[in-house]
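S.K.: Just to be clear, the model below is a prediction. Sequence and coordinates:
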Amino acid sequence: MADGSVNEIISGLEARWPRWQCWYVPRVTGGPVWCARPWDIPGASRVINTGGPATLEAAIADADAALPPGDYAPHREAGRIARRFGWPWTVGYDPAARCFTARHRDLAEPLRYPDAATLEAELAAWDAAHAGGAPA
């Protein structure tokens, strides 16, 4: 399966199920695995793994109906930013502190920002200044 079509399928799933983070794991043997989990509820017990996007969507529909109400929007924004910047950045949302966090492999402390737009601008500026390398 071409990478572009995988990304289109994932984007479609996430557009139809905005509370769910979706991804695809290609495997050398045994075929691909399509996965999803709620953005706002951590834990491996909430991860769904299936053999295809259609079965994943059906499983999401079943699981979504059983979820309690929640505020997934900040987590989804953090995920969007994480996809944009990728490794070595790890981006998340801390609901207790009500802030977005970004960790870099070369920074001792995470960066913390109250909103996604500020975090995204700061990461873009940081990456431009360091060309994706270690901080000076």
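M.R.: That came in fine, so what should we check first?

S.K.: Secondary structure element for the residue nearest in space to the middle of the chain, which one?
M.R.: When Cα atoms, centre = their mean is applied to the chain, the residue found nearest the centroid is Gly79 (3.2 Å). For Gly79, the enclosing helix or strand under DSSP states H and E is helix 73-85.

S.K.: picking up where we left off before, who's in contact with the nearest residue to the residue nearest to the centre of the chain once chain neighbours are set aside?
M.R.: The shortest distance from Gly79 to any non-neighbouring residue, by Cβ to Cβ, 6 or more residues apart in numbering, is to Gln21 (5.5 Å). (Glycine included, C-beta is placed from N, CA and C.) Gln21 is in contact with 14, 36-39, 75-76, 79, counting by Cβ atoms under 8 Å, 6 or more residues apart in numbering.

S.K.: now do 10 Å
M.R.: Gln21 makes contact with 10, 13-14, 35-40, 47, 72, 75-76, 78-80, 82-83, according to Cβ atoms under 10 Å, 6 or more residues apart in numbering.

S.K.: got the contact list for Ile60?
M.R.: By Cβ under 10 Å, 6+ apart, Ile60 lies in contact with 13-14, 16-17, 19-20, 22, 36-38, 48, 50.

S.K.: This structure: helices as residue ranges?
M.R.: 3-16, 53-65, 73-85, 116-130 (DSSP state H).

S.K.: what's the longest one packed up against?
M.R.: Just to be clear, that refers to helix 116-130. helix 73-85, strand 89-94, strand 99-104, strand 111-113 (3 or more Cβ pairs under 10 Å, 6 or more residues apart in numbering; DSSP states H and E).
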